[in-house]
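Asks: got a sequence here, can you build the structure:
(2 chains)
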Amino acid sequence: MRVKNGFMLREIAGSWVVVPLGARVVEFNGLISLTETSALIWKMIEQGFDKEAILRKMLQEYDIDEQTASQDIDEFISTCINKGLMEE
Amino acid sequence: MSISWQSFGNRLIQSASVRRVPLAAQLELTSRCNLRCKMCYVCSINNQNELINKERTAKEWIELARQAKEAGVLYLLLTGGEVFIRKDFREIYEAISEMGFIVQIYSNGTLITPEIAKWLGKRPPAKISITMYGASPETYQRVTGHADAYERAVRGVDLLREEGILTKIRTTVIRDNRQDIDKLYEFAVGRDIEFGTVFTIIGRREGNDTDPSGVRLSAKEVIEFEDYFYNYLSSRKRSQGDETAENKIIAQDIEDLVEKTDIKGKHNNAFKCSAGHSSFWVTWDGRMTPCGSLPEPSVDVFSLGMEKAWEELKRLADEVPQCGACEVCKYKVHCSKCPAKLYVESGGFTKCAQYLRDIAYHKELQRNAGNF
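Replies: Below you'll find the model as predicted:
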């Protein structure tokens, strides 16, 4: 999966937001607020990491079991795809 | 993950204000305008070479925006004067629209051609707010000096809508156009467009022969008119089922976010909105100020650069004194005073602004009358 062109992740006053750029505003005129965990997943996807690598990083960074982390990643990616932010 | 506007914007501005980082920037790209509104606070004569020469270049505005983004700015308003009068507006906008801001544009709509609307529709701002000055050529003639501007503004609004660009109609109510407010509201609702009004006009920041104080409603008229319009809206909602802006999820106005957010927490700063806490304005000639109504304090942002200018502006904003007279005024709960309004109305930060006090007095009378 990959983040579609035209979306920028920004840290604003302690919050993570994704902003549509230029032509993306045509289809997505809004603002997406991400949790710190979601922002981490987003950044790793942007950098081209696969789910396995993201899962390992999540287990390293957070006190979370593997099954929950895996579900969280799948759910986040699925939401992003449904909302048109990412594609397979 | 959530997708939102209003509540998230308010949360961000509180958080940015506590941290004293800039979140919202309002850039006044030009003071030039093709209209000549009686109540303009910044209007200068069109096509004056001197004014063009004093304006900052597209390259300078783009670099300032880049620095503002690095400093943390998310909400960016592009305003004037009339932004579309700048021949290089496209260059500025195209660069800014790719930087990662939520962009809003203010315009009078009269210079929007089919070609401009199509261009903008390919990379739209989050919202464009068109100020309309009346609902007929006659009213436009009285307020702006240009009767034909009415048809051109209507055309501009319709072209923007055809391109699917989120558009809002704003109006500034003065004596010359107050009779048109119902028609303007109907114009907006008929097109499913958000509508906003400004009733309280304050004195001009600069300018030539405009006279906002001379053409505005009297304090008593402001209250009567607010009351009239509120009742009109209520009656429209009951009879027509109008769905107005507050019922819709729409992009938040940057100006509202900046001015109407009451900054919480302990601070001794005279500014109770986000001005100088987490928002700033840059005038057409390059002065960074806490807000667009206020000429001082200001710093030269193009010389200092964003980071140093913001630090200096915060320091200067913190030195703006609170108004002692206001603190003991019996009408203070109804008064819309702020440092900017006090300064342009009374000439100082610590003097009562009679016009605002009179409005507050009439609000008090109205409240007392309502209790019987």
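
Asks: contacts, neighbours, all on C-alpha from now
Replies: Will do.

Asks: so which elements touch the worst-scoring helix or strand of chain A on mean pLDDT?
Replies: One helix or strand of chain A scores below all others by mean pLDDT, DSSP states H and E: strand A:32-34, with a mean of 90. Counting contacts by 3 or more C-alpha pairs under 8 Å, 6 or more residues apart in numbering or on different chains; DSSP states H and E, strand A:32-34 packs against strand A:15-20, strand B:2-3.

Asks: and the last one, average pLDDT?
Replies: Right, strand B:2-3. Mean pLDDT, strand B:2-3: 45.

Asks: run the angle between the helix or strand following it and strand A:15-20 for me.
Replies: Next along the chain after strand B:2-3, taking DSSP states H and E as the criterion, comes helix B:6-19. For helix B:6-19 against strand A:15-20, the angle by axes from the mean of the first three to the mean of the last three C-alpha atoms, to 10 degrees is 130 degrees.

Asks: can helix B:6-19 be found next to chain A?
Replies: Yes - residues of helix B:6-19 contacting chain A under C-alpha under 8 Å from any C-alpha of the partner chain: B:12, B:15-16, B:19.

Asks: buried sites along that helix?
Replies: By 16 or more other C-alpha atoms under 10 Å in any protein chain shown, the buried positions in helix B:6-19 come out as B:8-10, B:12-18.

Asks: what does stretch B:103-121 rub up against?
Replies: A:26, B:75-80, B:82-85, B:97, B:125-132, B:149-150, B:152-157, B:159-160, B:163-165, B:253-254 (C-alpha atoms under 8 Å, 6 or more residues apart in numbering or on different chains).

Asks: tell me where chain A has helices.
Replies: In chain A, the helices defined using DSSP state H lie at A:36-46, A:51-61, A:66-82.

Asks: most packed of those helices?
Replies: Of those, the one with the most neighbours on average (mean count of other C-alpha atoms under 10 Å in any protein chain shown) is helix A:36-46, at a mean of 18.

Asks: for that helix, which outside residues touch it?
Replies: Here helix A:36-46 makes contact (C-alpha under 8 Å, 6+ apart) with A:1-3, A:9, A:15-16, A:54, A:73, A:76, B:1.

Asks: do the same with stretch B:224-231
Replies: For stretch B:224-231, contacts defined as C-alpha under 8 Å, 6+ apart pick out B:F199.

Asks: and the average pLDDT for stretch B:163-170 is what?
Replies: On average, stretch B:163-170 scores 96.

Asks: if we ignore the residues flanking it in sequence, what's nearest the residue in chain A positioned nearest to chain B?
Replies: Across chain A, no residue is closer to chain B than A:A23, which sits at 4.2 Å (C-alpha to the nearest C-alpha). Spatial nearest neighbour of A:A23, chain neighbours left out: B:R123 (4.2 Å); criterion: C-alpha to C-alpha, 6 or more residues apart in numbering or on different chains.

Asks: now for the one you found, how many residues are close by?
Replies: 19 (other C-alpha atoms under 10 Å in any protein chain shown).

Asks: same question for A:D65.
Replies: Counted with other C-alpha under 10 Å, A:D65 comes out at 10.

Asks: same question, B:V103
Replies: 24.

Asks: relative to strand A:15-20, how tilted is the host helix or strand of it?
Replies: If you go by DSSP H and E, B:V103 is part of strand B:102-107. Counting by the same axes, to 10 degrees, strand B:102-107 lies at 60 degrees to strand A:15-20.

Asks: surely B:T144 meets B:M39?
Replies: No - contact criterion C-alpha atoms under 8 Å: B:T144 and B:M39 do not qualify, at 9.0 Å.

Asks: and these two? Which one has more around it.
Replies: Neighbours around B:T144 and B:M39, counted as other C-alpha under 10 Å, are more numerous at B:M39. The numbers are 24 against 21.

Asks: fine by me, thanks again.
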